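Student: How does the following fold in three dimensions:
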Amino acid sequence: MKIAVISGSHRANSQSRKVADFICKQLGEMSGFAEPWLFDLATEKLPLWDEGVWSGEERWKKIWQPVSQNLKACDGLVVIAPEYAGMVPAALKNFFLLTGNAEVGHKPALIVTVSAGMGGAYPNMELRASSYKNNRILYIPDHVVIRNVEHLMNVAHDGDITPEDQYIRGRLAYSLGVLNEYAKALKVVRESGIIDFKTYPNGM
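Tutor: This next block holds a predicted model:
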């Protein structure tokens with residue numbers, strides 16, 4: 001299975017990117033996973049959506065086609081969403097406006113939310129409520145909320161890891177394992193022939 005890891009922060013050198021790098025490392029150490037594809041919205045500056053995406057403007061083909069091809073090659077996603085004033089960052093919302101069912105339709109995704117304090121719940125609810133309708137991404141029931149993120153995932157040696165850090169690392173490993181099983185199962189669904197995006201391109 002190949003997994004896309006989406007770092008949803010606007011900020012360079014963000015805590016979300018730190019978490020994304022950690023998850024990529026975890027995926028690399030787990031059996032059954034190919035090398036993940038990391039897409040960082042802080043460094044890959046996608047323009048705001050406009051109708052040129054739908055009309056197939058050459059400008060958008062050049063911008064979006066490489067991203068689209070990488071997403072199509074993946075069997076699942078990890079979506080990392082920091083909490084900005086209780087919301088999902090604008091760049092991540094824009095990413096889902098650009099993403100269609102050809103890239104992520106009926107593919108499982110694990111939500112990982114990030115907070116510098118004790119927040120992190122709102123982005124999970126927002127993504128589950130408003131980011132899946134037309135692209136048909138499937139968020140798995142498990143999600144991970146990483147609170148006080150600045151104090152976590154900073155050290156490599158087991159002897160220096162706090163109990164809180166150890167718990168989050170274990171929870172991530174568990175959830176990635178669950179994501180892997182969903183990816184295998186939903187690949188069967190996608191290949192079954194039952195999916196009809198031509199007749200029903202959009203959700204209701």
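Student: Using CSV, list the CA coordinates for stretch 14-21.
Tutor: Extracted C-alpha coordinates of stretch 14-21, given in CSV (Å, rounded to 0.1, in the frame of the first residue of the first chain):
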residue,chain,number,x,y,z
SER,A,14,5.6,23.9,11.2
GLN,A,15,4.8,21.4,13.9
SER,A,16,2.4,19.8,11.3
ARG,A,17,5.4,19.1,9.1
LYS,A,18,7.3,17.7,12.1
VAL,A,19,4.4,15.3,12.6
ALA,A,20,4.2,14.5,8.9
ASP,A,21,7.9,13.6,8.9
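Student: List the contacts of that stretch.
Tutor: Residues from elsewhere that reach stretch 14-21 (Cβ atoms under 8 Å, 6 or more residues apart in numbering): 5-9, 38, 40, 42, 78, 80-82, 112, 114, 116, 146, 149-150, 153-154. C-betas here are computed from N, CA, C, even on glycine.
Student: For that stretch, buried residues please.
Tutor: 14-20 (16 or more other Cβ atoms under 10 Å).
Student: Show me these that map onto helices.
Tutor: Counting by DSSP state H, the buried residues of stretch 14-21 place 15-20 in helices.
Student: Strands of this structure, start to end?
Tutor: All strands of the chain, identified by DSSP state E, fall at 3-7, 37-40, 76-82, 108-114, 138-146.
Student: so what strands line up beside the longest one?
Tutor: Using DSSP bridges, the neighbouring strands of strand 138-146 in the sheet come out as strand 108-114 (parallel).
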